[in-house]
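S.K.: Need coordinates for the following:
(chains A and B)
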Protein chains: 2
Amino acid sequence: MEKGARGGRTGAVMATIRGRIAAGALVAGDRLPSIRGLAAGMGVSPSTVAEAYERLAAEGLVRARPGSGVFVARTAAPLPLAPPGGRMERAIDPFWVSRQSLDADPAALKPGCGWLPADWLPTEAIRRALRGAARAPEAVLTDYGTAQGSLPLRRLLARQFAAEGLDVGPDAVLLTASGTQGLDLVCRLLLRPGDTVLVDDPCYFNFRALLAAHRVAVAGVPMTPAGPDPVRFADLADRHRPRLYVTNAAIHNPTGASLSPAVAHRILAAAAAHDMTIVEDEIFADFEPEPSPRLATLDGLERVLRIGSFSKTLSASVRCGYVAARSDWIEGLIDLQIATNFAAAGPLAAAIVHETLSGGGYRRHMEALRRRLARARRDVGGRLEEIGFRPWTVPRGGFNLWCELPDGRDAASLARFAAEAGVILAPGDVFSPSGGAGAFMRFNAAQMSDERVWATLARGLARPDDEDQTAARRS
Amino acid sequence: MEKGARGGRTGAVMATIRGRIAAGALVAGDRLPSIRGLAAGMGVSPSTVAEAYERLAAEGLVRARPGSGVFVARTAAPLPLAPPGGRMERAIDPFWVSRQSLDADPAALKPGCGWLPADWLPTEAIRRALRGAARAPEAVLTDYGTAQGSLPLRRLLARQFAAEGLDVGPDAVLLTASGTQGLDLVCRLLLRPGDTVLVDDPCYFNFRALLAAHRVAVAGVPMTPAGPDPVRFADLADRHRPRLYVTNAAIHNPTGASLSPAVAHRILAAAAAHDMTIVEDEIFADFEPEPSPRLATLDGLERVLRIGSFSKTLSASVRCGYVAARSDWIEGLIDLQIATNFAAAGPLAAAIVHETLSGGGYRRHMEALRRRLARARRDVGGRLEEIGFRPWTVPRGGFNLWCELPDGRDAASLARFAAEAGVILAPGDVFSPSGGAGAFMRFNAAQMSDERVWATLARGLARPDDEDQTAARRS
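M.R.: Alright, predicted model coming up:
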């Protein structure tokens, strides 16, 4: 991204307003969102929104009426909009992939999305669990459940953790509405606005979105195929005195890296030296053929919290995640969960997850899924290499492939082009706190079977990069 | 509450640590929670925790080892604890009722809890909906769904709102994991630490817990049986320039008040004059025989947001709530929900709610439930009056009865006594931002059928008040 941050943000606000007018959500005479409200919603400063409104006024699209607000000009006609809709007008920010993936037209292709197609998941086991839930005791159907969440599911998780070498009881586990919500609670417990948090560079884009919502500063630790660079980690810890480090150890998102024992040890030692807390997001753990080194396991939950969910391996519709942590932190997290969501994952969701996980069918499903994913990674990876993408590492499991584009091509430009063709990609910079991953792309090996994906990639690579197609089309 | 705020907080921290030792969660030689962690968890300052630890050390219960922390003394033996467990050691704060109600022993009686017994809810309809869900398309079983949540359920809600005179489309509705989570997202969108928020005095205790998590100041508007006092509302708005006012209009929690048209108009006018935003929590709306005046309906969602859920009328286990708001706010709320929970209410939860609400059975269930609740309010209210409680108003619906204790008796003292007998009450001050409701109690008319509740109330009223029984018992 070569544009200055300020110009980029102002442009993003302008694009948002243009998109709403284009989509008919704002029509001639409508008042624009309040400057403060839109600024808060987009995570930009009010002055950025004010500047964007001024520029739109200068273009004649809106009119300011002193004392009463800014309105869509009577003469403004909806602008032409390419499929799949107004979302693509948005700047390529940490929300770009999630909003596009979640709200994609059912016909859209999603090689950039972060989950498996429905027919890769154990739908029959879920149907069976739902039929079982229909016969559950009344309390499971209607009650909030306990503040910490279903004890049978917490026991099952504790047994799984113990099998991986993390020996804690069910009291160390709090069920949440999702892994993301678990991380959010941890941030609420441990962070204050203005704190600094370390993440990997690149990292899961939604870590960036979540941390921005907590108004903390973020510094990125460069990734290597063996995990975060421990020298840079210690250096950043020295320099920024961060409160927290948020990472995936097992099958890192987006790179597919796994932590080596030596790196794990050095990261933990540096965290101890700087009295940092670590959050390890284990959402991809079940995709590993066998467990790789984990910070939580080495540390025994002293300064590491483990979060996870079942959204990638079982169902994202059954909302259920967890946090595993020290008992004093669990107490604080329970209070925060009551304050902000009242209950843990609902008893019904917990019962469905428990029933699905505890049957032998889940283990067989995961074994078959790992084999299927290994084939998909090999086939898709090979084909990406044929058209010039270079894999950054060979992941041990999962569906993500992190690749460098051929010939220094720009991932954001390719993603914008593909979005107009109904193909949703995940360009590198949405993952990069430093903005240094513009030549990378994350592909989902399980979402690449449609030939139109490959045709779109070929067409996209055959055309020149265009730094801002939207602006060009409008000028 | 006659104790100073500081002494009360320090005492609460001491009680928490004592409770953990008593419950065996901390044993001799264990390190106490970090000062910072516990302070964050309990929403107090680190210096409060430090002071509490010093006092516990002075008592010999813990020992400080310079440089390595504070540890449970080797000589500390678990203290005797009465049922229902360690939770009751906690100070009577906004979490007191929720933690006790959620984690109560199954044998505990809960006249203070804020929900209906399972057998008052439409469990057969939920079982039917679960069997239907077992046959749903794969995407409903496994996908995240769209960022805004199930369109069929949003359409159904929009039709219900229209029937109440609030004419908005499904695009104005965002599904959330719960009503509380909807309010949390609104606070994230609109509030900054240090802002002031108006609530009712008394108000739903969890509003206080949630706003504390957002680090905002809270001012309480005195309630009248016709709604918040509009003169005091305008005065507080003048004085504090609050950003937000959070209320229940229909069947106010805890008082059971309903808004009069005149009060509604004056509150909205004052909010407009001070450019305040209002959040109206409509979780009890379906309990009304017919709709009372609503701020959102009068205002048309210009400066009012409506939140709600199905936890009181259908199921708290099926986690699903909503926010209805202006489209520009909805956009910001969607981003915040992705950042902090990734998805809306899951497609499965939305499908179960939609199926249950859209059948004629739900309407019949609610009609029967309203009749049953009217009888329960009349019978329980009469019996409370017989033993000296004075009803503050006659609610139009719902299960809450807000009553003044006889003879100036102290509600917190009675609640502590009852908790030791396994009866969970809701003493007035957990609802009161000013701490001025110590002579009031909220009763749940649907949770009072067990004679042991009445026996415990009689015994509690027959004994003298005791400002701090826990301290007395231990000294």
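
S.K.: which residues does A:F342 contact?
M.R.: Counting by CB atoms under 8 Å, 6 or more residues apart in numbering or on different chains, A:F342 touches A:144, B:98, B:178-181, B:206, B:311. The C-beta positions use only the backbone N, C-alpha and C, and glycine is treated the same way.

S.K.: same thing with A:A439?
M.R.: A:404-405, A:408-411, A:428.

S.K.: Could you dump these into CSV with neighbour count added?
M.R.: As requested, these are exported to CSV (neighbours: other CB atoms under 10 Å in any protein chain shown):
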residue, neighbour count
A:E404, 18
A:L405, 23
A:G408, 9
A:R409, 18
A:D410, 20
A:A411, 25
A:G428, 25
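
S.K.: Return the subset of these lying in helices.
M.R.: Per DSSP state H, helices hold the following members of those: A:A411.

S.K.: Which of the contacts of A:A439 fall within strands?
M.R.: Using DSSP state E, A:E404 are the members of the contacts of A:A439 that sit in strands.

S.K.: Which two of the contacts of A:F342 have the greatest separation?
M.R.: For those, with distances taken as CB to CB, the pair at the greatest spread is B:S98 and B:Q181 (14.7 Å).

S.K.: Show me which of these two is the more surrounded one.
M.R.: Using other CB atoms under 10 Å in any protein chain shown as the criterion, B:S98 and B:Q181 rank with B:Q181 on top: 29 against 26.

S.K.: Let me know the secondary structure of the residue in the stretch 151-300 of chain A that chain B sits nearest to.
M.R.: Distances between the stretch 151-300 of chain A and chain B by CB to the nearest CB are smallest at A:A209, namely 3.8 Å. Under DSSP: H, G, I helix; E, B strand; the rest coil, A:A209 falls in the helix class.

S.K.: for the contacts of A:A439, which one is nearest chain B?
M.R.: Using CB to the nearest CB, A:G428 comes nearest to chain B of those, at 19.7 Å.

S.K.: My guess is that closest one contacts A:S434. True?
M.R.: No: using CB atoms under 8 Å as the test, A:G428 is too far from A:S434 to be in contact (10.9 Å).

S.K.: that older thread, and chain B, which of the contacts of A:A439 reach it?
M.R.: For chain B, no contacts are drawn from the contacts of A:A439 by CB under 8 Å from any CB of the partner chain.

S.K.: Turn the contacts of A:A439 into TSV, columns for pLDDT.
M.R.: Below are those laid out as TSV (pLDDT from 0 to 100):
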residue	pLDDT
A:E404	98
A:L405	98
A:G408	93
A:R409	96
A:D410	96
A:A411	97
A:G428	97
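
S.K.: Let's verify A:Q160: helix, strand, or coil?
M.R.: Recorded secondary structure, A:Q160: helix (three-state DSSP).

S.K.: err, A:W115, not the other one
M.R.: Going by three-state DSSP: A:W115 is coil.

S.K.: And what about the closest residue to chain B within the stretch 251-400 of chain A, helix, strand or coil?
M.R.: Scanning the stretch 251-400 of chain A for the residue nearest chain B gives A:G332, at 2.2 Å (criterion: CB to the nearest CB). Here A:G332 is recorded as helix under three-state DSSP.

S.K.: my guess is it contacts B:A39, does it?
M.R.: No: assessed by CB under 8 Å, A:G332 is found out of contact with B:A39, at 9.1 Å.

S.K.: How many neighbouring residues does A:G165 have?
M.R.: 13.

S.K.: Also the one 3 residues further on?
M.R.: Burial measure for A:V168: 19 neighbouring residues, criterion other CB under 10 Å.

S.K.: list the contacts for it?
M.R.: So A:V168 contacts A:158, A:161-162, A:300-301, A:324 (CB under 8 Å, 6+ apart).

S.K.: Report the two of these separated the most.
M.R.: It's A:A158 and A:G300 that sit farthest apart of the contacts of A:V168, by CB to CB, at 13.4 Å.
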